[in-house]
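Q: just the structure for this:
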Amino acid sequence: MKLDDALDLILGHAPAPGRQMVPLEDSFGRICTENNLSRQPLPGYDQSTRDGYAICGTGKAAEGGRQAFTIEGEIQAGFCHKVEIEPGQAYRIMTGGLLPVGAERVIAQEDCRISGTELIVDGISLAGPSRFIRRRGSEHLARELLVEPGTRLNEYHLSLLAAAGNSSVEVFQRPRVAFFCSGSELVMSEGKLKNGQKYSSNHLLLKNLVNKFGGRAEGYGVIADDRTAIRKLLATIKRSAADIVISTGGVGPGKYDLFGELLPQEGTQILYRSLQVRPGRSTLFGLLGDKLYFGLPGPPSAVRILFLELLGPLLKKMQGMRLFYNQRLTAFLEHAVALKSADVLCFKDGRYRLEAGRVMVGYPVKNEAPNCSIMMLPDRVSYEPEDQITISLAEPD
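A: Modelled structure (predicted):
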């Protein structure tokens with residue numbers, strides 16, 4: 001099956017996301033379900049944007065064409081009492097302070113001169129375009145839309161919602177993802193290796209990818225290539241509350257690749273058994289009861305790419321995101337590429353950057369993390385520098 005056809009099949013089986021109300025402070029990174037409105041105007045009152053003096057009208061003529069205003073008092077931030085100001089008067093005010101009723105302008109502290117009980121202001125400050133006043137509702141009116149449904153909430157959204165009087169928000173529930181890694185050669189990182197064994201890196205890879213895309217990861221460790229042990233684990237996971245199940249390894253044509261045999265015996269409806277893509281040609285997808293089951297290959301590079309191309313969009317859709325497909329861009333190669341074969345779509349880890357208005361891409365250097373996947377189309381085994389190529393961006397937002 002082609003990759004895009006597989007993705008459409010998977011997304012077509014995505015269950016409708018559940019909903020829950022959470023405190024605003026616990027909603028970072030969650031996807032909101034509905035229109036979020038301002039519960040009050042922003043700002044909620046007329047306020048000063050500078051430390052200085054609020055004035056009204058014109059003052060008495062003073063030396064050098066200046067004007068003098070009588071200082072009537074002081075208004076600090078948090079002062080809640082209504083104060084009225086008359087023409088020719090001034091009030092000392094702090095940034096964020098409640099403006100006196102009738103105030104027309106705030107003179108910034110650095111432009112003020114005090115003489116006894118009078119504020120002396122020059123003509124330039126009185127005629128300048130900046131009044132240093134934020135009027136009530138000038139940014140958002142009450143009941144105005146602040147955040148649309150399907151938005152992943154970040155620090156900007158949460159700050160805005162809090163300022164507008166919201167203390168909680170309805171979000172989509174996070175999909176629950178159970179995963180395990182198969183292979184008699186695998187050992188968890190806290191274990192001790194014997195000859196012929198290796199540490200499982202896929203366990204940590206899957207946990208972090210699930211968390212990155214908003215899921216709730218539940219790891220079941222590693223399991224040997226043993227029919228009885230695998231059946232027991234599958235039965236346990238089938239009874240769990242997981243929405244998605246991921247296994248790595250055991251889906252190839254080898255003697256000890258057992259999942260293609262055991263999954264149907266445990267009631268799994270397998271919907272495809274291979275993909276026309278490298279790496280990850282040997283893979284499967286099916287339905288284990290009410291759960292979506294993904295049998296991924298063992299190599300971490302294949303696990304990562306198949307997760308980003310198939311499970312990333314699925315997790316985003318299951319959380320109610322409006323845009324859940326990966327973004328595909330045209331980029332220019334920084335170096336030549338030669339492939340051993342080009343019978344199917346081939347993915348390579350890539351690192352892209354912007355240069356002079358163009359998207360440039362190449363292989364990551366040693367120890368450099370990839371930030372995209374390079375897509376090599378079938379029937380072409382070589383590429384030259386500056387050739388155009390497609391890259392796939394899989395971001396959680």
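Q: use CA for all of it now, contacts and neighbours both
A: OK.
Q: give me the phi and psi angles of the residue lying farthest from the centre of the chain.
A: For the chain, the C-alpha farthest from the mean C-alpha position belongs to E63; by C-alpha atoms, centre = their mean, that distance is 59.4 Å. Dihedral pair for E63: phi -60, psi 140, per degrees, to the nearest 10.
Q: per-residue pLDDT, it?
A: We have a pLDDT of 89 for E63.
Q: and Y256, by the same measure?
A: Turning to Y256, the model gives it a pLDDT of 68.
Q: quick one, helices of the stretch 51-200 of the chain?
A: Remark: helices assigned in the stretch 51-200 of the chain by DSSP state H, counting those that start in this stretch are 123-127, 155-163.
Q: what's the most buried one of the ones you listed?
A: helix 155-163 (a mean of 15; mean count of other C-alpha atoms under 10 Å).
Q: who does it touch, helix- and strand-wise?
A: Counting contacts by 3 or more C-alpha pairs under 8 Å, 6 or more residues apart in numbering; DSSP states H and E, helix 155-163 is packed against strand 145-147.
Q: just checking: what are the partner strands of the strand it packs on?
A: strand 36-37 (antiparallel) (DSSP bridges).
Q: moving C-terminal from the strand it pairs with, which element do we reach first?
A: Heading C-terminal from strand 36-37, the first helix or strand you meet, by DSSP states H and E, is strand 47-48.
Q: what sits up against that next one?
A: Applying C-alpha atoms under 8 Å, 6 or more residues apart in numbering, the contact partners of strand 47-48 are 93-99, 106, 132-136.
Q: could you redo the last one with a cut-off of 6 Å?
A: Contacting residues not belonging to strand 47-48 are listed as T95, G96, G97, L98, L99, F132, I133, R134 [C-alpha atoms under 6 Å, 6 or more residues apart in numbering].
Q: which other helices and strands does the longest strand along the chain contact?
A: With secondary structure taken from DSSP state E, the chain has its longest strand at strand 345-355. Packing partners of strand 345-355 (3 or more C-alpha pairs under 6 Å, 6 or more residues apart in numbering; DSSP states H and E): strand 277-278, strand 358-362, strand 372-376.
Q: buried residues in the second one?
A: Residues V359, M360, V361, G362 are the ones in strand 358-362 that count as buried (16 or more other C-alpha atoms under 10 Å).
Q: quick one: low-confidence parts of the stretch 201-350 of the chain?
A: 256 (pLDDT under 70).
Q: assumed I230 was part of a helix.
A: Yes - using DSSP: H, G, I helix; E, B strand; the rest coil, the assignment for I230 is a helix.
Q: nearest to D387, out of the helices of the stretch 51-200 of the chain?
A: D387 sits nearest to helix 155-163 of all these, at 39.0 Å, using C-alpha to C-alpha.
Q: with only the CA atoms kept, save the closest one in PDB.
A: Taking C-alpha atoms only, helix 155-163 is exported to PDB below (Å, rounded to 0.1, in the frame of the first residue of the first chain):
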ATOM      1  CA  GLU A 155       1.800  30.600  26.800                       C
ATOM      2  CA  TYR A 156       0.400  33.500  24.700                       C
ATOM      3  CA  HIS A 157      -3.100  32.000  24.600                       C
ATOM      4  CA  LEU A 158      -3.100  31.100  28.300                       C
ATOM      5  CA  SER A 159      -1.900  34.600  29.300                       C
ATOM      6  CA  LEU A 160      -4.600  36.200  27.200                       C
ATOM      7  CA  LEU A 161      -7.400  33.900  28.500                       C
ATOM      8  CA  ALA A 162      -6.300  34.600  32.100                       C
ATOM      9  CA  ALA A 163      -6.200  38.300  31.600                       C
END
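Q: show me the beta-bridge partners of Y199.
A: Assigned bridge partners for Y199, using DSSP bridges, are V187.
Q: who touches it in this structure?
A: By C-alpha under 6 Å, 6+ apart, the contact set of Y199 is L186, V187, M188, S189.
Q: pull out the buried members of these.
A: Neighbour-count burial (16+ other C-alpha under 10 Å) applied to those gives L186, V187, M188.
Q: quick one: which of these is nearest to V337?
A: For these, the nearest to V337 is L186 (33.0 Å; C-alpha to C-alpha).
Q: just confirm the closest one contacts S200, I think it does.
A: Yes - between L186 and S200 there is a contact under C-alpha atoms under 6 Å: 5.4 Å.
Q: now do the shared contacts for those two.
A: With C-alpha under 6 Å, 6+ apart, L186 and S200 have no common neighbours.
Q: I'd like the helices and strands packed on strand 345-355 as TSV, with distance to A242 appended.
A: Putting these into TSV (distance: least, C-alpha to C-alpha, whole Å) gives the following:
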stretch	distance to A242
strand 277-278	28
strand 358-362	37
strand 372-376	29
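Q: of all these, which one comes closest to Q67?
A: Q67 lies closest to strand 358-362 among those, at 56.8 Å (C-alpha to C-alpha).
Q: partners of the closest one in the sheet?
A: Under the criterion DSSP bridges, strand 358-362 sits next to strand 327-333 (parallel), strand 345-355 (antiparallel) in its sheet.
Q: dump the ones you listed to CSV, plus mean neighbour count and distance to K207.
A: Below are the strands paired with strand 358-362 laid out as CSV (neighbours: other C-alpha atoms under 10 Å; distance: least, C-alpha to C-alpha, whole Å):
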stretch, mean neighbour count, distance to K207
strand 327-333, 17, 23
strand 345-355, 17, 20
